[in-house]
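K.L.:
okay, sequence plus prediction incoming.
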Amino acid sequence: MATSSSQPDGKRGRTGSAQGERPLDALLPVLRGVAQVDFQPSHWVGLVFVIALFVGGWQYGVFGLLGTVVATATAHLLGVTWDRVSMGLEGFCGTLIGVSLVLYLGVSWMTFFLVIGGAIAGSVLTSATNTVLTPYGLPTFTAPFCVITTVMVIGGPSFERVWAGHVNTSAPSVTDPGTTVSWTDVWQGTFNGVGQVFFQDKWYVGVIFLVGLLVAGRRIALVAFLASLLGLLVGWSFGAQAADLGAGLYGYNSVLTGIALAGTFVVLTSISGVYAAIGAACAAALTAGIGNLFSVVGGHTLTWPFVLVTWVFLAAAPMFAKIHRAAT
Amino acid sequence: MATSSSQPDGKRGRTGSAQGERPLDALLPVLRGVAQVDFQPSHWVGLVFVIALFVGGWQYGVFGLLGTVVATATAHLLGVTWDRVSMGLEGFCGTLIGVSLVLYLGVSWMTFFLVIGGAIAGSVLTSATNTVLTPYGLPTFTAPFCVITTVMVIGGPSFERVWAGHVNTSAPSVTDPGTTVSWTDVWQGTFNGVGQVFFQDKWYVGVIFLVGLLVAGRRIALVAFLASLLGLLVGWSFGAQAADLGAGLYGYNSVLTGIALAGTFVVLTSISGVYAAIGAACAAALTAGIGNLFSVVGGHTLTWPFVLVTWVFLAAAPMFAKIHRAAT
Amino acid sequence: MATSSSQPDGKRGRTGSAQGERPLDALLPVLRGVAQVDFQPSHWVGLVFVIALFVGGWQYGVFGLLGTVVATATAHLLGVTWDRVSMGLEGFCGTLIGVSLVLYLGVSWMTFFLVIGGAIAGSVLTSATNTVLTPYGLPTFTAPFCVITTVMVIGGPSFERVWAGHVNTSAPSVTDPGTTVSWTDVWQGTFNGVGQVFFQDKWYVGVIFLVGLLVAGRRIALVAFLASLLGLLVGWSFGAQAADLGAGLYGYNSVLTGIALAGTFVVLTSISGVYAAIGAACAAALTAGIGNLFSVVGGHTLTWPFVLVTWVFLAAAPMFAKIHRAAT
């Protein structure tokens, strides 16, 4: 429903000088930025996602919006085309930088300034990643966010003021070990998988995010739900910790990979549907490897598994006669 | 001698629809896949290599063939050109995924399914790597195998069922430390260097692999032998552990780098021969750095040194007036 | 003043056969190689830098020159164009390989041979990196040096003879902890930031390097000084260790990033000046993350933060209408 107003306005031209004429011109790209975390260029979807963030905790809403605004404004001021800025493509990494830094570093003025700095750096990194990936027709996905947050939490302990309010965010299985999966783990874990894309671990917040995806389209919401369940089942079959499955930690990378591969960047057919499912399963399986790798230096899994798996599955497509990239 | 039948059959066309008409059409690409671990597109070489794997242990033969079959079939089903499938270029990473996973995770049904999953993922990764490297004219080498096995053994400990039968594969020097190199270390180490390409640490298995390379050509076998010896000597001169030298751990990356640079991907001249020797020496020297790097997170050296060094030496060639890439 | 004689001599042609006709033809590229560590193609600047190295310690001068000579000669013998060789572009990674290895591994014959081997490998890696980066218009910067020295110090402990004379080079804050910054820390740290580009930690050596940059141009020296101060202030504001700030450890990556982005590879305007300052600040902030990452495996920060940040800020430029790459 929201697609008509989310189309880029060609008349504004490259410099985007018209931005700021009306408050909406500044607001809508920010909401679309939040929605683009799940690949949706719709401000209505973004609005539901912002509500979900505030339900999860006021700080996630405030710092997530701060990151989105700063990243979008940086790109605009440096002269990125208005098409990209308007569609929210310059904002979504800032959203996740804001949410993740307030989660790992705590609410403080230092975190406030770090989110601003991180969002500026993430904006430059988004453009650099675009330059490198454009010859291969690959999007940046959330890679710039992953890089910025990873280096900030790895470097953090060296800086007394940065690390002063840091939060110990160990996996739920550390305090609640065991591999016996309950029904509660399964259903809450499936919803949490949708919410964990934004670092949210309450099942009803996941439900609100799913409602947001329903606004984008029923197929997208269904894919997200099934992908989250698939990721959980993959982890379960390998013998992952039940508490981590219940927290959605094996689902969120599958959700993003599933949405990306099933209809968004690949034309959906029966064979590409299997291809997307394999990708979503790989993202869940890779979660443990990435987590163990980064835990050595104090990093976090973030959405690295999604980024890496989806890049691989998209980059491979031209070699496969049976898989066709969608025109984007 | 085997080259005439290993030529791609142009008449089969892109879809490879003719595959499966005769059992041989399915079998030969699998054997060539095993042979391609050492860059040979010959099913006779592959047959000798398979014998060597079974002599090393039935599980290496079975799981190696399983990985080769699954990787080759995945590529074929997804529509990779019959040329590549037929030449075994889609199989060799699967071979090594099968052999390495049964070595590190033990013989079990879980390992069986992990080899299938790993070979499917490795097949997709092979195509993705090809897309990225084609502009630079670089082959994937065994990089997809290295990535898949690395992430699986790093992530493994998080999964109770995956890790249940894992094998402690510490370097021989852990139980047998010391840097005094014996004559036995030297001659067994040189043969083991050829066998360690396939994770085999019995000198007579290395001899069988060398016989396989003799089938491919006398020059290739000679290069492999000399490169293995060179790698061992580099490690020795730096003061590496004698038991590791004797196990061929400083030789196998030099073997692959030597074959790749001396005549396979670079036109062999006196100056490019020196270039290949430098590359083989670098691969041996890099072995320690890669091993120490991955040991922190439970990873293994695999053929990373070969992949990285050979990519660098091939990518550098266009800048050097004295080094010419071979037409492939 | 030195620019007229540092121009490549087109008449010598691609094969560089004229090299060696006069001793100066061999000497000047070596001096320019030392100067190119700071992007300057001037042998006079290189001469001042060599003096600074010898003031810092005879071994830095000797091993730095050794690395420069070997890297330059390797490139020339393999047939790199005389333009690049003559301008010192094939030497500067060798300079830093020599200085860093003698710092970390101590003065010995083994280090002597390792510098030769490292400089040869670094020369090949420089050409490989050029092949990969040329499509994006990015220079290699000191990446080849960073790779070579990183793998050598990570692998070193596995080799008895390599590691025999290694030096424990822990950060100054290990023996002198605390975050109270003194005026001495600030002024010495700013000069040290210029010297630490070459691993020198005496403030007066930093002053000599700054004099060398003055020979290149007043603007360049000013940018280097201000960038070093900026890096120090960024670290200070985050609460970094005072002894590390005083040693210039938060400055040298900012110095290189500042010089690269402010007028060398980007056309200097008011907005690109801010862009360069953001880049220099990012390089300082990234220093802690890279340091913590590598410390797990015994690696060092080196100039990785500069390389990564400057690549990102240059690669991003084409997406920004307000930032223009300089013709190089």
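P.N.:
Yep, that arrived.
K.L.:
residues in contact with A:Thr68?
P.N.:
A:30, A:33-34, A:91-92, A:94-95, A:98, A:119 (CB atoms under 8 Å, 6 or more residues apart in numbering or on different chains). For the C-beta atoms, the positions are set from N, CA and C on the backbone; glycine is no exception.
K.L.:
determine which two of the residues you listed are furthest apart.
P.N.:
Farthest pair in the contacts of A:Thr68 (CB to CB) is A:Val34 and A:Ala119. Separation: 13.1 Å.
K.L.:
just to revisit the earlier point, tell me which of the contacts of A:Thr68 fall in helices.
P.N.:
Of the contacts of A:Thr68, the ones assigned to helices by DSSP state H are A:30, A:33-34, A:92, A:94-95, A:98, A:119.
K.L.:
for these, give me TSV that also has pLDDT, distance to B:Val274 and neighbour count.
P.N.:
Compiled in TSV, these are given as follows (pLDDT from 0 to 100; distance: CB to CB, whole Å; neighbours: other CB atoms under 10 Å in any protein chain shown):
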residue	pLDDT	distance to B:Val274	neighbour count
A:Val30	96	60	21
A:Gly33	97	55	31
A:Val34	97	58	32
A:Phe92	97	51	30
A:Gly94	97	52	35
A:Thr95	98	54	35
A:Gly98	98	55	34
A:Ala119	98	51	31
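K.L.:
distance to C:Val50 added to those, as a markdown table?
P.N.:
Shown next, in a markdown table, are the ones in helices among the contacts of A:Thr68 (distance: CB to CB, whole Å):
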| residue | distance to C:Val50 |
| --- | --- |
| A:Val30 | 54 |
| A:Gly33 | 51 |
| A:Val34 | 55 |
| A:Phe92 | 50 |
| A:Gly94 | 46 |
| A:Thr95 | 50 |
| A:Gly98 | 48 |
| A:Ala119 | 43 |
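K.L.:
of those, closest to A:Thr149?
P.N.:
A:Gly98 (9.9 Å).
K.L.:
which residues touch the closest residue to the closest one other than its chain neighbours?
P.N.:
Nearest residue to A:Gly98 in three dimensions, chain neighbours excluded: A:Gly67, at 2.8 Å (CB to CB, 6 or more residues apart in numbering or on different chains). Shown in contact with A:Gly67 (CB under 8 Å, 6+ apart): A:94-99, A:101, A:115, A:118-119, A:122.
K.L.:
can you say which two of these are spatially most distant?
P.N.:
Greatest spatial distance among the contacts of A:Gly67 (CB to CB): A:Val99 and A:Gly122, at 12.5 Å.
K.L.:
buried stuff in the helix or strand where the residue nearest to A:Gly98 lies?
P.N.:
In this assignment (DSSP states H and E), A:Gly67 forms part of helix A:58-78. Across helix A:58-78, burial judged by 16 or more other CB atoms under 10 Å in any protein chain shown covers A:59-76, A:78.
K.L.:
show me what the helix or strand that comes right after it is packed up against.
P.N.:
For helix A:58-78, the following helix or strand on the C-terminal side (DSSP H and E) is helix A:82-86. Judged by 3 or more CB pairs under 8 Å, 6 or more residues apart in numbering or on different chains; DSSP states H and E, the packing partners of helix A:82-86 are helix A:23-36, helix A:58-78.
K.L.:
give me the buried positions along helix A:82-86.
P.N.:
For helix A:82-86, by 16+ other CB under 10 Å, it's A:82, A:84-86.
K.L.:
and stretch A:296-305, how far apart are its ends?
P.N.:
17 Å (CA to CA, to the nearest Å).
K.L.:
so for that stretch, mean pLDDT?
P.N.:
Average pLDDT, stretch A:296-305: 93.
K.L.:
report the distance from it to the chain centre.
P.N.:
Here stretch A:296-305 is found 14 Å from its chain centre; the criterion is CA atoms, centre = their mean, to the nearest Å.
K.L.:
the helix holding A:Gly67 vs helix A:23-36, what angle?
P.N.:
Angle, helix A:58-78 to helix A:23-36, by axes from the mean of the first three to the mean of the last three CA atoms, to 10 degrees: 110 degrees.
K.L.:
can you show me the CA trace of helix A:58-78 as CSV?
P.N.:
Coordinates of each C-alpha in helix A:58-78 appear next as CSV, following Å, rounded to 0.1, in the frame of the first residue of the first chain:
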residue,chain,number,x,y,z
TRP,A,58,12.8,3.5,24.9
GLN,A,59,16.6,3.5,24.4
TYR,A,60,16.4,1.2,21.3
GLY,A,61,13.9,3.6,19.7
VAL,A,62,15.8,6.8,20.5
PHE,A,63,19.3,5.5,19.7
GLY,A,64,18.0,3.6,16.6
LEU,A,65,16.4,6.8,15.3
LEU,A,66,19.5,8.8,16.1
GLY,A,67,21.7,6.5,14.1
THR,A,68,19.2,6.5,11.2
VAL,A,69,19.0,10.3,11.1
VAL,A,70,22.8,10.8,11.3
ALA,A,71,23.6,8.2,8.7
THR,A,72,21.0,9.5,6.3
ALA,A,73,22.0,13.2,6.9
THR,A,74,25.7,12.3,6.4
ALA,A,75,25.0,10.6,3.0
HIS,A,76,22.9,13.6,2.0
LEU,A,77,25.4,16.2,2.9
LEU,A,78,28.2,14.4,1.1
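K.L.:
tell me, how many neighbours does whatever residue of the stretch 1-150 of chain A ends up closest to chain B end up with?
P.N.:
Residue of the stretch 1-150 of chain A nearest chain B, by CB to the nearest CB: A:Tyr136 (6.4 Å). Counted with other CB atoms under 10 Å in any protein chain shown, the neighbours of A:Tyr136 add up to 14.
K.L.:
over to A:His324?
P.N.:
14.
K.L.:
now the helices and strands packed on helix A:82-86 in TSV, with distance to A:Lys322?
P.N.:
Converted to TSV, the helices and strands packed on helix A:82-86 look like this (distance: least, CB to CB, whole Å):
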stretch	distance to A:Lys322
helix A:23-36	29
helix A:58-78	37
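K.L.:
pick out the shakiest of those helices, pLDDT-wise.
P.N.:
Taking the mean pLDDT of these, helix A:23-36 comes last: a mean of 91.
K.L.:
any idea how far that helix is from the chain center?
P.N.:
Distance, centroid of helix A:23-36 to centroid of chain: 16 Å (CA atoms, centre = their mean).
K.L.:
helix or strand next in line after that helix, which one?
P.N.:
helix A:43-56.
K.L.:
that next one - contacts with which helices or strands?
P.N.:
Against helix A:43-56 (3+ CB pairs under 8 Å, 6+ apart) you get helix A:23-36, helix A:58-78, helix A:203-216.
K.L.:
switch to 10 Å and redo it
P.N.:
Under the contact criterion of 3 or more CB pairs under 10 Å, 6 or more residues apart in numbering or on different chains; DSSP states H and E, helix A:43-56 touches helix A:3-6, helix A:23-36, helix A:58-78, helix A:92-105, helix A:183-195, helix A:203-216.
K.L.:
mean confidence score for that helix?
P.N.:
Mean predicted confidence for helix A:43-56 is 97.
K.L.:
then that helix to PDB, C-alphas only?
P.N.:
Extracted as PDB, the C-alpha positions of helix A:43-56 are listed here (Å, rounded to 0.1, in the frame of the first residue of the first chain):
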ATOM      1  CA  HIS A  43       7.700   4.400   5.600                       C
ATOM      2  CA  TRP A  44       4.600   2.600   7.000                       C
ATOM      3  CA  VAL A  45       6.600  -0.500   7.600                       C
ATOM      4  CA  GLY A  46       9.300   1.700   9.200                       C
ATOM      5  CA  LEU A  47       6.700   3.300  11.500                       C
ATOM      6  CA  VAL A  48       5.600  -0.100  12.800                       C
ATOM      7  CA  PHE A  49       9.300  -1.100  13.300                       C
ATOM      8  CA  VAL A  50       9.900   2.100  15.300                       C
ATOM      9  CA  ILE A  51       6.900   1.300  17.500                       C
ATOM     10  CA  ALA A  52       8.400  -2.200  18.000                       C
ATOM     11  CA  LEU A  53      11.700  -0.700  19.000                       C
ATOM     12  CA  PHE A  54      10.100   1.600  21.600                       C
ATOM     13  CA  VAL A  55       8.100  -1.400  23.000                       C
ATOM     14  CA  GLY A  56      11.400  -3.200  23.300                       C
END
